[in-house]
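1. from the sequence below, what's the structure:
(one chain, ligands or ions: 2)
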Amino acid sequence: PGEQLPADKTKPTLVVLGSGWGATSFLKSLDTEEYNVVVISPRNYFLFSPLLPSVTVGTLEPRSIIQPTRYITRHKKRAVQVYEAEARDVDPINKTVTFQDLSDIRGEAGSVTINYDYLVYAVGCENQTFGIKGVKEHACFLKELSDADKIRQRLLDCVETAAFRDQDEKEIDRLMHMVVVGGGPTGVEYAGELHDFLIDDLRKWYPEIADRLRITLIEALPNVLPAFSKQLIQYTESTFKENKIDVLTRTMVKDVQADRVVVQDANKEMREIPYGLLVWATGNTSREITRNLMAKLPRTQTQRRGIEVDDYLQMNGAPGIYAVGDCTATAYAPTAQVASQQGMFLANMFGKMGQKMRAERQLQELKAEGGAAAVEAVEGLEKKVTRYSKLTPFHYSHQGSLAYIGSEKAIADLPLFNGNVASGGGAAMIFWRSAYVSTLYSVRNRTLVLADWMKVKIFGRDVSRE
Ligand code: FAD
Ligand code: NAD
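-> Ligands and ions are numbered 1, 2, ... in the order given. A predicted model of the protein is given here:
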């Protein structure tokens, strides 16, 4: 068992864990000719996360921003095995991966262990809660497609319940209070989308209560968007003020209950904030499988943030394992931009390694044949081997940061002309839209996203609750 396509015993097995930014950009650029490639991920599709906040209010439909992983692998030169499964364990000493189908419908196959020669580790991160009580039970995260759908459903449930006949006034205020924790780009973009929904749609469909809706963004630091330039932070904060989004800075959530959060405010005083919907966006932490893998290499893996890699993205202390994206601890921010550049870099490197293996194989065959005619060919192949042996370290090229902040405004921090050009407003919004549309991986996704934007412009967002 386990000896399935595309096994070719003369070729090394390359296992890819994940189907997010890192794994997908790797798979897209990889030349599979010289490897038996196996992809394992509990999600059988790629999710274009930058547009996820737009799904929470129905600006975009969920399926417009995803693409099946098989869409990429089916066009490869050699067949690629794709398994919808969760990797449960990686053994860096014996070079094995154990994985399991954890979806609702499971067959007879339980847990499977396979050997790898190379492992591309791109499992991303999970949501950070800092161990704060009640977050997992009561808050909505914003990371997966199912999270965005849950937010959309709960938001509409709050609005419908607030509009229910004879609803208590205090209860209406609570239900119509949408609280966002975390003033990073995820929290800011969500608050912006929510504001658009209020202005464009809620007022039309629920005129009796729409203006009771309040949005509060809670951030522990002195300002939102710490990674953006000062000018853009101010622009965002003043836009939020105009849009009546309350920003509570220097305020830390300490406890989460079913209908309220307990915060410590700027004066170190504790108070309660009732909410109808709570969205939690306080960043990333390592997955359990990553923590377990690192624990097996205690001398070389010492960072709490994630996996330490060398200049070629090889995991320190684990020959054959290459790690990319949010699961790593590098000098770069955990962004899609970094993960996709790392994936592309690795694909290039594996391409070179594959060509080197092919040239070496041909060289051996020629040498075995012998004869005068082979001499010249041998020389050419030896040069090829030397050329493919030269690998250059990973270099990240920052293309800038973009974020949508609502009311058709976006902010852009662009590293142009040797300095940062910061821009905000309508022009940045057009730039934001075109940058994301052009980054979408397929014509199908581009068409769907453009059609959704047009649909919303003409008909507004759909407020039906599934
Ligand atoms: P991910 O893309 O998270 O992929 C991880 C993959 O691993 C997933 O397919 C997951 O299903 C799979 N997986 C999980 N556990 C296992 C397991 N046990 N075994 C196998 N597979 C597993 N970045 C930007 O640069 N620009 C943006 O505009 C931007 N917007 C964002 C908006 C939101 C709402 C969010 C949440 C993030 C945004 N980011 C953005 C950050 C960006 O999404 C991440 O940095 C990026 O996804 C990291 O890529 P990754 O491949 O490391 O992880
Ligand atoms: P983040 O780590 O960037 O921000 C989380 C924020 O939550 C921090 O500012 C932190 O101070 C705050 N926080 C933490 N605990 C808190 C508490 N108890 N109470 C109140 N505030 C608290 O997280 P993110 O926004 O999810 O982003 C994650 C990564 O994804 C980042 O690297 C980001 O750049 C990237 N991302 C980029 C974009 C974009 O470029 N448009 C959009 C989304 C995410």
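
2. below-threshold pLDDT in the protein: ranges please.
-> Residues of the chain meeting the criterion pLDDT under 70: 1-6, 373, 417-420, 422.

3. now the most centrally placed residue in it: closest residue in space that isn't a chain neighbour?
-> Nearest residue to the geometric centre of the chain (Cα atoms, centre = their mean): residue 49, 5.3 Å. Nearest residue to residue 49, sequence neighbours excluded (Cβ to Cβ, 6 or more residues apart in numbering): residue 336, at 6.1 Å. In short, each C-beta sits where N, CA and C put it, glycine included.

4. for the one you found, phi and psi?
-> Phi and psi for residue 336, reported as degrees, to the nearest 10, are phi -60, psi -40.

5. wait, it sits on residue 51?
-> No. If you go by Cβ atoms under 8 Å, residue 336 and residue 51 don't touch, sitting 10.8 Å apart.

6. just want the residue of the stretch 101-250 of the chain that's nearest ligand 1.
-> residue 124 (2.7 Å; Cβ to the nearest ligand atom).

7. hmm, residue 213 and residue 198 touching each other?
-> Yes. Residue 198 lies in contact with residue 213 (Cβ under 8 Å); the separation is 5.2 Å.

8. show me the contact partners of stretch 337-356.
-> With contact meaning Cβ atoms under 8 Å, 6 or more residues apart in numbering, stretch 337-356 is reached by 14, 20-31, 33-35, 118, 120, 122, 312-313, 322, 324-326, 328, 330, 332, 384-385, 388-389, 391, 394, 396-399.

9. buried ones among these?
-> Buried members of the contacts of stretch 337-356, scored by 16 or more other Cβ atoms under 10 Å, are 14, 20-31, 34-35, 118, 120, 122, 313, 322, 324-326, 328, 330, 332, 384-385, 388, 394.

10. how much space between the residue of the stretch 101-250 of the chain closest to ligand 1 and residue 407?
-> To residue 407, residue 124 is 31 Å away according to Cβ to Cβ, to the nearest Å.

11. for the residue nearest to residue 49, what are its contacts?
-> The contact partners of residue 336, by Cβ under 8 Å, 6+ apart, come to 21, 49-50.

12. save those residues as a markdown table, and put in distance to ligand 2 too.
-> A markdown table is the format used below for the contacts of residue 336 (distance: Cβ to the nearest ligand atom, whole Å):
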| residue | distance to ligand 2 |
| --- | --- |
| 21 | 10 |
| 49 | 7 |
| 50 | 6 |
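
13. and the residue of the stretch 51-200 of the chain found nearest ligand 2, how many neighbours?
-> Distance from ligand 2 to each residue of the stretch 51-200 of the chain (Cβ to the nearest ligand atom) is smallest for residue 184, at 2.2 Å. Other residues near residue 184 come to 19 when the count uses other Cβ atoms under 10 Å.

14. is it in contact with residue 221, as I believe?
-> No. With contact defined as Cβ under 8 Å, residue 184 does not reach residue 221; the gap is 9.6 Å.

15. quick one: contacts for residue 317?
-> By Cβ under 8 Å, 6+ apart, the neighbours of residue 317 are 92, 297, 299-301.

16. and it, how far from ligand 2?
-> Applying Cβ to the nearest ligand atom, to the nearest Å, the value for residue 317 to ligand 2 is 26 Å.

17. and for residue 284?
-> Using Cβ to the nearest ligand atom, residue 284 is found at 6 Å from ligand 2.

18. residue 278 now?
-> On the measure of Cβ to the nearest ligand atom, residue 278 and ligand 2 end up 12 Å apart.

19. would you mind splitting this protein into its domains for me?
-> The chain is divided into the following domains under automatic domain parsing: 13-125+286-389, 135-284+398-459.

20. okay, and the nearest residue to residue 441 once chain neighbours are set aside sits in which element?
-> Using Cβ to Cβ, 6+ apart and skipping the chain neighbours, the partner closest in space to residue 441 is residue 67 (5.7 Å). Element membership for residue 67, per DSSP states H and E: strand 66-68.

21. can you give the contact residues for the next helix or strand after that strand?
-> Using DSSP H and E, the next helix or strand after strand 66-68 towards the C-terminus is helix 69-73. Contact with helix 69-73 is made by 19, 24, 27-28, 37, 39, 41, 44-46, 80, 82, 441-442, as judged by Cβ under 8 Å, 6+ apart.

22. can you map out the helices along the stretch 351-466 of the chain?
-> Using DSSP state H, counting those that start in this stretch, the helices of the stretch 351-466 of the chain run over 372-389, 426-439, 443-459.
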